[in-house]
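Enquirer: What follows is a protein structure lacking sequence information:
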C-alpha cells in the first residue's frame, strides 16, 4: 500500500514532521497556542488527505477506463459536468473515445465492404475464366477451322471483358483511396458530350438507334475532361444497351446561373421501381440488366462525378425509358 502511494506517503510524513516541529517550538512559547496550532494543522492535513483521496480515486477510475479502451471497449460514457482540471481531462478522454469508436466503425465498415467486394469480384471473374477454360479445351480438340475461329473469338471477348473489369476496378479503387488526381480546366461541354458519344455511334447505327447530342457551344464547365468523358460514356453505354432497335438515346444540356445540367434520355426497357435505389451500387444487377453487364459502369460514373462537384440522379419506369440527370454546380466565389 505504501509503495502504491509512495508520493502521498512521503508528503504526509513531511507534513507530520513539520507539524511536530512547529508544535514543539510554539509549545515552548505558549502551550495553548501550540495545541491550537496542532488542531488546525491536523484539520488541514485531514482535508488535504480527503481531497487527495478523491483525486486518486478519480484517477484510478480513469485508469480503469483507459484499460477498457485499450481492450477495445468504446462504449464508455465518462463525461463529467463538474468543474476542475480532472473533469476537463475526463471530457477530453470521452472525445477520444468517441473518435476511436467512429474509427472502429469505419474500419469495420471498410472490412465488410472489402470482403463483399472480393466476393463480387471473384464471382464476376469466375464466369469468363470458366468460359475461357472450356473454350481452350475445345480449341485443342477441334479441327474445323470455322469452329476454331469461333472459339478464339469467344476467348478474345471474355479476355476483353476481364480486362475492362480489372481496369475499372482499379480506377474505382484509386478514386476511393483518394489517389486519383483530377486536373480541372475550363472546357466546352459540347466537346465532352460529343467525345462521350463518339465510341457508340457505329453500334447505334448498326442497331438503328438514334443517338443525338445537343449542347450550346458557349457552355463551359471546369472539370477534368478525360474523367468526365469516362463518366458520361458509361451512362450512354448503359442507355444504348437497354434500348431496342428503332429507339433513341438523347444527350442534351442546359445552363442556369447556378448550375449546368446534362440529361441523357432513352426510350428503352427502363428500370424496375425496386431497382432504382440500387442502380449506382457496385455489381448490382437489376431486373432488366443486360447479360453482358457486370454492374460496375454506373458506380464508376457516380464516383467520378461526385469528385467533380457534380450530382447524378435517375428517373425511370419499366418499358417507358430512363433519364439520367447530371447537375454540375458552379463554384460561387
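Expert: Everything's here; your move. Remember, it's a predicted structure, so these values are computed and weren't measured experimentally. Residues are numbered from 1 along each chain as shown.

Enquirer: make it CA atoms for all contacts and neighbour counts henceforth
Expert: OK.

Enquirer: pretty sure residue 262 is in a strand, no?
Expert: Yes. Assessed by DSSP: H, G, I helix; E, B strand; the rest coil, residue 262 belongs to a strand.

Enquirer: so the nearest residue to it once chain neighbours are set aside is in which element?
Expert: Residue nearest to residue 262 in three dimensions, not counting chain neighbours: residue 253, with 4.4 Å by CA to CA, 6 or more residues apart in numbering. Here residue 253 sits within strand 248-255, counting by DSSP states H and E.

Enquirer: And the residue nearest to residue 262, how far from residue 102?
Expert: The gap separating residue 253 from residue 102 is 41 Å, by CA to CA, to the nearest Å.

Enquirer: Between those two, which is the more surrounded one?
Expert: Shown here are residue 253 and residue 102; by other CA atoms under 10 Å, residue 253 has more neighbours (20 against 13).

Enquirer: got the contact list for that one?
Expert: 214-216, 260-263 (CA atoms under 8 Å, 6 or more residues apart in numbering).

Enquirer: And residue 195, by the same measure?
Expert: residue 229.

Enquirer: on that earlier part again, can you flag the buried ones in the contacts of residue 253?
Expert: Listed as buried from the contacts of residue 253 are 215, 260-263; burial here means 16 or more other CA atoms under 10 Å.

Enquirer: can you put the residues you listed in CSV and add pLDDT?
Expert: Output for these, formatted as CSV (pLDDT from 0 to 100):
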residue, pLDDT
215, 93
260, 93
261, 95
262, 95
263, 96
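
Enquirer: of all these, which comes closest to residue 146?
Expert: Top of the list for closeness to residue 146, among those and by CA to CA, is residue 263 at 44.4 Å.

Enquirer: Now do the buried residues in the strand holding residue 253.
Expert: Those buried within strand 248-255 under the rule 16+ other CA under 10 Å are 248-253, 255.

Enquirer: want to throw those into JSON lines with distance to residue 330?
Expert: JSON lines is the format used below for those (distance: CA to CA, whole Å):
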{"residue": "248", "distance to residue 330": "30"}
{"residue": "249", "distance to residue 330": "27"}
{"residue": "250", "distance to residue 330": "24"}
{"residue": "251", "distance to residue 330": "20"}
{"residue": "252", "distance to residue 330": "18"}
{"residue": "253", "distance to residue 330": "15"}
{"residue": "255", "distance to residue 330": "10"}
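
Enquirer: How about residue 200: what's its closest non-neighbour residue?
Expert: Residue 200 sits nearest to residue 237 (CA to CA, 6+ apart), 7.2 Å away.

Enquirer: Count the residues that sit near the one you found.
Expert: Quick note: residue 237 (other CA under 10 Å) scores 17 neighbours.

Enquirer: phi, psi of it?
Expert: phi -60, psi -40 (degrees, to the nearest 10).

Enquirer: And the pLDDT at it?
Expert: At residue 237, the model reports a pLDDT of 91.

Enquirer: Equivalent analysis for residue 21, please.
Expert: Predicted confidence (pLDDT) for residue 21: 81.

Enquirer: For it, which three-state class applies?
Expert: Going by three-state DSSP: residue 21 is helix.

Enquirer: thinking again about what came up before, now flag whichever of the contacts of residue 253 is closest to residue 327.
Expert: residue 261 (4.5 Å).

Enquirer: For the closest one, name its beta-bridge partners.
Expert: residue 254, residue 327 (DSSP bridges).

Enquirer: Begin at 23 from now on, thanks
Expert: Sure thing, new numbering starts at 23, so read that last one as residue 283.

Enquirer: Would you confirm that residue 330 belongs to a strand?
Expert: No. Using three-state DSSP, the assignment for residue 330 is coil, not a strand.

Enquirer: Lowest mean pLDDT among the helices and strands, pick that one out for the protein.
Expert: helix 107-163 (a mean of 73; mean pLDDT, DSSP states H and E).

Enquirer: who does it touch, helix- and strand-wise?
Expert: Contact partners of helix 107-163 among helices and strands, from 3 or more CA pairs under 8 Å, 6 or more residues apart in numbering; DSSP states H and E: helix 53-92, helix 167-198.

Enquirer: how about JSON lines for those helices, with mean pLDDT added?
Expert: JSON lines is the format used below for the helices and strands packed on helix 107-163 (pLDDT from 0 to 100):
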{"stretch": "helix 53-92", "mean pLDDT": "76"}
{"stretch": "helix 167-198", "mean pLDDT": "80"}
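
Enquirer: Quick one, which of these gets closest to residue 304.
Expert: That would be helix 167-198 among the helices and strands packed on helix 107-163, by CA to CA, at 9.8 Å.
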